[in-house]
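> need coordinates for the below:
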Amino acid sequence: MDIYTSIEEAELLQHSPLALRLRPRDLDMFVGQEHLIGEGKPLRCLIESDRMSSLLFYGPPGTGKTALAEIIALRTKADFIRVNATSSSVVELRKVIDKARNRLVGAGVRTILFIDEIHRFNKAQQDTLLPAVEKGIVVLIGATTENPYFTVNAPLLSRMRVFPFQPLAENDIRLLLERALASGIESGLKGLVLTEDAMLHLVQMANGDARAALNALELSAVMAPAGAAGERLVNRKIAEDVVLRRAVVYDRHGDNHYDVISAFIKSIRGSDPDAALFWLARMLEAGEDPLFIARRLVISASEDIGNADPHALLVAVAASQALQMIGMPEGRITLAQATCYLATAPKSNSAYLAVNEALDAVKKSPGTMVPAHLRGFAFPGAGKPEYGTGYQYPHDFPGNYVTQSYLPEGMPRPTFYRPGNNGYERTIAERMARWGGQG
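Just a heads-up that it's a prediction; the model follows:
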């Protein structure tokens, strides 16, 4: 970095948000993630020894991923290059890799390449990085808010050590706010005082996001009226005005996406319509694809309800079709109706278990043949004349039922489908009992 670039960055920093101006410059000032950078922890040892391997920082926004990468940049003897996945092309990546190769071969200097929001790289961009990481031309540090096991190519991910970042504890958020207040002129918060109620509100509403907490504090300073002595008091009312509402914690492609839909389906399975509606509302409020929700309702109708209430599948499929017909926001009503119906329907997973057991049985006996009496014969080019011989047509018998074998010869009779006693499956169970099983 030359002197002009340094002056330019210093000028930009003066006008940056508070969260950026107060980023820690060393490990001792870093707050949170004790499980990663506490004394004696592996990541801290790697940083302090300057023996970096390729890393991936994964966690929610505002938990210190970029800040820690910048601390590494200040400590390392290697070249440190930072790119953003939203604006870098394959051509630019190749230029960076070529430069890193020349530095390594010509001067023996390693290059650490930090890629923010690495999950935004497409497959071609990630594939470009792979040979350079594999050969040690660059040490890659990636940061992502989304689950890397879904968004980063497996070959690239296998060459990186994944470090999960956790939301900051409330005590950590409070410490950051107190430090900001104590920094005074440096942070532009000179004379700012928070009541305990205001502090508590900002801490709780940050939801573990340091950036959100500091941004809220900075806006509080703008809104706080100046007193006679120059002090500016932030009370609970100002804090509430600053944090108008708590953002729904949710990302459509990462852990929250899978966690919330899991809670939704489990609430339906557990016959709790109120909980199911809560998770439905959370997904809708966060902007989840409503058709994704509809598809999961269709799956649940078969997996968790099945033949205990065959109408559940009809309701779920109809809800999906109605959603496509009317769209949002009215589609939320259809989703809610289907959610309530499924949650309050009698439950059975007998069909779900049955098909899994049947699949397992097929895998264990892949070469079984269809018995001759069950083979098709009523089509041109059908097999041998004896095919179909001995087959008994059920409709020719009383009750449209006749005992005969429908399984491969010599195969022990399985019992895949075991209807339960809930809802309509009780009727099915009684009917099967009357039949007494197949031959």
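> after the top helix by length along the chain, which helix or strand is next?
The residue-count maximum for a helix in the chain (DSSP state H) belongs to helix 90-107. For helix 90-107, the following helix or strand on the C-terminal side (DSSP states H and E) is strand 111-116.
> mind listing what that next one pairs with, with the direction of each?
Strand 111-116 has its sheet partners listed here by DSSP bridges as strand 79-84 (parallel), strand 139-144 (parallel).
> comparing the ones you listed, which yields the minimum mean pLDDT?
Per-stretch mean pLDDT for the strands paired with strand 111-116 is lowest at strand 79-84 (a mean of 85).
> leaving aside the residues adjacent along the chain, what's closest to residue 103?
Distances taken as CB to CB, 6 or more residues apart in numbering place residue 109 nearest to residue 103, at 4.7 Å, with adjacent residues excluded. No exception for glycine: its C-beta is placed from N, CA and C like everyone else's.
> between the two ends of stretch 298-306, how far is it?
End-to-end distance for stretch 298-306, by CA to CA, to the nearest Å: 10 Å.
> any idea of the mean pLDDT for that stretch?
95.
> also stretch 234-251?
Here the average pLDDT along stretch 234-251 is 71.
> also stretch 179-189?
Across stretch 179-189, pLDDT averages out at 73.
> returning to what we had before: which residues sit against the longest helix of the chain?
Helix 90-107 is contacted by residues 79, 81, 83, 109-111, 113, 124-125, 128-129, 132, 136-138 when judged by CB atoms under 8 Å, 6 or more residues apart in numbering.
> low-confidence ranges, the protein, go.
The chain contains residues with pLDDT under 70 at 1-15, 184-188, 228, 244-257, 366-367, 377-388, 437-439.
> so which residues of it form strands?
Applying DSSP state E to the chain gives strands spanning 55-58, 79-84, 111-116, 139-144, 161-164, 192-194, 232-234.
> from the middle of its chain, how far away would the fifth one be?
Its chain's C-alpha centre lies 16 Å from the corresponding centre of strand 161-164 when counted by CA atoms, centre = their mean, to the nearest Å.
> before we move on, what about the first one?
The gap between the average C-alpha position of strand 55-58 and the chain average comes to 15 Å, counting by CA atoms, centre = their mean.
> contacts for it next, please.
43, 46, 65, 68-69, 118, 140-148, 152, 157, 160-165.
> of these, buried ones?
Listed as buried from the contacts of strand 55-58 are 43, 46, 65, 68-69, 118, 140-148, 152, 157, 160, 163, 165; burial here means 16 or more other CB atoms under 10 Å.
> so what's the residue nearest to residue 103 up against?
Going by CB under 8 Å, 6+ apart, the list of residues near residue 109 reads 77, 78, 79, 103.
> neighbour count for those residues - can I get that in JSON lines?
Output for the contacts of residue 109, formatted as JSON lines (neighbours: other CB atoms under 10 Å):
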{"residue": "77", "neighbour count": "9"}
{"residue": "78", "neighbour count": "20"}
{"residue": "79", "neighbour count": "19"}
{"residue": "103", "neighbour count": "17"}
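> residue 265: which of the residues you listed is nearest?
Ranked by distance to residue 265 (CB to CB), the contacts of residue 109 are led by residue 78 at 46.7 Å.
> show me what contacts the closest one?
Residue 78 makes contact with 50, 52, 109, 110, 111, 112, 139, according to CB under 8 Å, 6+ apart.
> those, buried ones only, as a ChimeraX selection?
In ChimeraX, a selection of the buried entries from the contacts of residue 78 looks like this (16+ other CB under 10 Å):
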select :52,110,111,112,139
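> how much space between residue 140 and residue 317?
Remark: distance between residue 140 and residue 317 (CB to CB, to the nearest Å) = 46 Å.
> likewise for residue 361?
From residue 361 over to residue 317 the distance is 29 Å, taken as CB to CB.
> then residue 301?
Residue 301 is 8 Å from residue 317, by CB to CB.
> so these two - more neighbours on which side?
Counted by other CB atoms under 10 Å, residue 301 and residue 317 do not tie: residue 301 has more neighbours, with 25 against 15.
> look at residue 215 and say how many residues are nearby.
For residue 215, the neighbour count with other CB under 10 Å is 19.
> tell me the domain boundaries of the chain?
Per automatic domain parsing, the structural domains of the chain span 33-164, 170-242, 255-344, 370-435.
> how about residue 142: what's its closest non-neighbour residue?
Nearest residue to residue 142 in three dimensions, chain neighbours excluded: residue 118, at 3.6 Å (CB to CB, 6+ apart).
> and for residue 52?
Going by CB to CB, 6+ apart, residue 52 has residue 139 as its nearest residue, at 5.0 Å.
> give the contact list for that neighbour.
Neighbour list for residue 139: 52, 53, 54, 78, 110, 111, 112, 113 [criterion: CB under 8 Å, 6+ apart].
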